[in-house]
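**Student:** here's a sequence, model it:
(chains A, B, C, D, E and F)
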Protein chains: 4
Amino acid sequence: MININYRDPRPVYEQVSDGFKKLIVAGLIKKDEKMPSVRELASTYAINPNTIQRAYRDLENEGYIYSVPGKGSFAVDMKEISDKHLAEIYERLDTVLSDFDVAGESRQKIAEYILAGKSGKIEEP
Amino acid sequence: MININYRDPRPVYEQVSDGFKKLIVAGLIKKDEKMPSVRELASTYAINPNTIQRAYRDLENEGYIYSVPGKGSFAVDMKEISDKHLAEIYERLDTVLSDFDVAGESRQKIAEYILAGKSGKIEEP
Amino acid sequence: MININYRDPRPVYEQVSDGFKKLIVAGLIKKDEKMPSVRELASTYAINPNTIQRAYRDLENEGYIYSVPGKGSFAVDMKEISDKHLAEIYERLDTVLSDFDVAGESRQKIAEYILAGKSGKIEEP
Amino acid sequence: MININYRDPRPVYEQVSDGFKKLIVAGLIKKDEKMPSVRELASTYAINPNTIQRAYRDLENEGYIYSVPGKGSFAVDMKEISDKHLAEIYERLDTVLSDFDVAGESRQKIAEYILAGKSGKIEEP
DNA sequence: GTGGTCTAGACCACG
DNA sequence: GTGGTCTAGACCACA
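**Tutor:** Take a look at the predicted model:
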């Protein structure tokens, strides 16, 4: 479902939470769908349960999931968060653009690069 | 000359090296121009010399400066590295784009956003 | 496991990283095998942990190991790096050869010297 | 006459002395020929005279030149030193070979590489 | 004065 | 426990 790469400089808990963010925003985890339990996830990925817990805590703090004590964690409505999520990505785009600016790369070339790229459509499983 | 922000999650040495990377790539530090000495930089920014040294070592390893023990550190020719530097920024752009894709944002909208932004041209001094 | 010689002009951190490079390339440390921890190595060799860290960071930058904060450092697949490693040694051989050339030593004699030497085959344990 | 490269990690004084070693061993500086004066060399290469002095001191200590106070420095007979010089290069070859061994490269391949290389004959100026 | 290495010790984030 | 950052201060080689 998600990819964990130990060679990735990001901490594991961030890879986990980022992975679920994408799944939720992309609609691959539907509204109110139950998330895998901490124990389950920890065992299938051979990750310390503390790490999963941390990822879930972050996801809840950022509003991607909600927890019902004793029942589990559930995804929120994608529509509620997609705007916020998009805004975060646009912020990251801004920092990249500013670095392009100091490097003297023209906006025109960047735009062309983007339009030339593969469409990136996500396949339904 | 550069900005250090202790609330920035990036380590200080990285903020230092990134700051100089931009100055060099933007041509604000010319080829073979002397960089501030390790001690000088350390005292003006109230940072431990070891931390500056780490930043300078990284800059040297990545090919942005060369150091001559006993003489100082000097910027390399911007032309030598601008390609490599641009490639790094394009890589970061790619990860942002892939996140846009999963979020369902169209390439067209992103391109428009980029072209709408300020041009970012650097004025010659 | 490795040798540290304080009378060697090379800095300690380089002796450490070179030592592990050889162990990894020779296959004596297998893929994904855990390296000794920074503190462990520091105490067994009575070297400051910072110095070991420097060696490990260099090894990671050069692609010989990967480090996972909180978990440890691990060797990469020997096959991934042996080509690069060999290329580095061939480069050193080139500088030696060029010095032989100015000294007037014939390639024939050098080749004979090399073939006369002990084979250097590594015994499988 | 010799090349000084500030990007070379070797200290300048070593580049100077190494350069002259090769010139002497290759016979490009004849027996008892006068070496350039410290001041002369320092000004033509824009190097600190202390650095040249250090290089000359090393050359004298290693037997490549001899100094006559008040007159200058002179090259010794190439024949006297070429053996010693060759031995030094063979020593460096040995360490390279040992690194080849741990990397598993066969002596046969190394010998072939050496014989395949360009002859390296030095052109008389 | 310069860059560079090393030690000692503290602190943090991660698992 | 792990890797990683940072400080403080000493020492060295080089120019």
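**Student:** for chain A, which residues are neighbours of chain C?
**Tutor:** Neighbours of chain C within chain A, by CB under 8 Å from any CB of the partner chain: A:6-7, A:11-12. In short, each C-beta sits where N, CA and C put it, glycine included.
**Student:** A:Ile24 against A:Lys79, yeah?
**Tutor:** No: taking contacts as CB atoms under 8 Å, A:Ile24 lies outside contact range of A:Lys79: 11.1 Å.
**Student:** just the ones of the residues of chain A next to chain C in helices?
**Tutor:** Residues of those located in helices (DSSP state H): A:Val12.
**Student:** and the two most separated of the residues of chain A next to chain C?
**Tutor:** By the measure CB to CB, A:Arg7 and A:Pro11 form the most distant pair in these, at 12.7 Å.
**Student:** which of the two has more neighbours?
**Tutor:** A:Pro11 (15 against 10; other CB atoms under 10 Å in any protein chain shown).
**Student:** how near is the nearest residue to the more buried one once chain neighbours are set aside to B:Asn48?
**Tutor:** What sits nearest to A:Pro11 in space, not counting adjacent residues and going by CB to CB, 6 or more residues apart in numbering or on different chains, is C:Pro69, at 6.6 Å. From C:Pro69 over to B:Asn48 the distance is 22 Å, taken as CB to CB, to the nearest Å.
**Student:** so which of the two has more stuff around it?
**Tutor:** Neighbours were counted for C:Pro69 and for B:Asn48 using other CB under 10 Å; B:Asn48 has more, 12 against 9.
**Student:** for the closest residue to DNA strand F within chain A, give me phi and psi.
**Tutor:** The minimum distance from chain A to DNA strand F, using CB to the nearest atom of the strand, falls at A:Pro9 (8.1 Å). When read as degrees, to the nearest 10, the backbone of A:Pro9 gives phi -70, psi -20.
**Student:** packing partners of the longest helix along chain A?
**Tutor:** For chain A, the helix reaching the highest residue count under DSSP H is reported as helix A:78-102. Under the contact definition 3 or more CB pairs under 8 Å, 6 or more residues apart in numbering or on different chains; DSSP states H and E, helix A:78-102 sits against helix A:12-25, helix A:107-116, helix B:12-25, helix B:78-103, helix B:107-116.
**Student:** quick one: which of these is nearest D:Glu60?
**Tutor:** Nearest to D:Glu60, of those and by CB to CB, is helix B:78-103 at 38.6 Å.
**Student:** quick one, the closest one and helix A:107-116 angle?
**Tutor:** With axes from the mean of the first three to the mean of the last three CA atoms, to 10 degrees as the basis, helix B:78-103 and helix A:107-116 are set at 40 degrees to each other.
**Student:** what residues of helix B:78-103 count as buried?
**Tutor:** Buried residues in helix B:78-103, counted by 16 or more other CB atoms under 10 Å in any protein chain shown: B:78, B:81-82, B:85-86, B:89, B:93, B:96-97, B:99-103.
**Student:** cool, and stretch A:3-11?
**Tutor:** Buried residues in stretch A:3-11 (16+ other CB under 10 Å): none.
**Student:** residue contacts, A:Gln108?
**Tutor:** A:Gln108 is in contact with B:Leu115, counting by CB atoms under 8 Å, 6 or more residues apart in numbering or on different chains.
**Student:** write out the residues of chain A neighbouring chain B.
**Tutor:** Checking chain A against chain B by CB under 8 Å from any CB, the hits are A:22, A:25-26, A:82, A:85-86, A:89-90, A:92-93, A:96-108, A:110-111, A:113-115, A:117, A:119-122.
**Student:** and the residue of chain A positioned farthest from its centre, how far from A:Ala116?
**Tutor:** Farthest-out residue of chain A from its mean C-alpha position, per CA atoms, centre = their mean: A:Gly104, at 30.7 Å. Plainly put, A:Gly104 is 20 Å away from A:Ala116 if you go by CB to CB.
**Student:** show me what from chain A comes close to DNA strand E.
**Tutor:** Contact residues, chain A versus DNA strand E (CB under 7 Å from any atom of the strand): A:11-14, A:47-48, A:50-51, A:54.
**Student:** save these as CSV, and put in pLDDT too.
**Tutor:** Converted to CSV, these look like this (pLDDT from 0 to 100):
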residue, pLDDT
A:Pro11, 92
A:Val12, 93
A:Tyr13, 95
A:Glu14, 95
A:Ile47, 92
A:Asn48, 92
A:Asn50, 93
A:Thr51, 94
A:Arg54, 95
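**Student:** go through the buried residues of helix B:78-103 and say which is closest to chain D.
**Tutor:** B:Ile81 (13.3 Å; CB to the nearest CB).
**Student:** give the contact list for the closest one.
**Tutor:** Under the criterion of CB under 8 Å, 6+ apart, the neighbours of B:Ile81 are B:24-25, B:63-64.
**Student:** ok so, going back, in TSV, list the buried residues of helix B:78-103 along with distance to A:Met35 and pLDDT.
**Tutor:** Below are these laid out as TSV (distance: CB to CB, whole Å; pLDDT from 0 to 100):
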residue	distance to A:Met35	pLDDT
B:Met78	49	94
B:Ile81	45	95
B:Ser82	45	94
B:His85	41	96
B:Leu86	40	96
B:Ile89	35	96
B:Leu93	31	97
B:Val96	26	95
B:Leu97	27	95
B:Asp99	20	93
B:Phe100	24	94
B:Asp101	23	92
B:Val102	18	90
B:Ala103	19	91
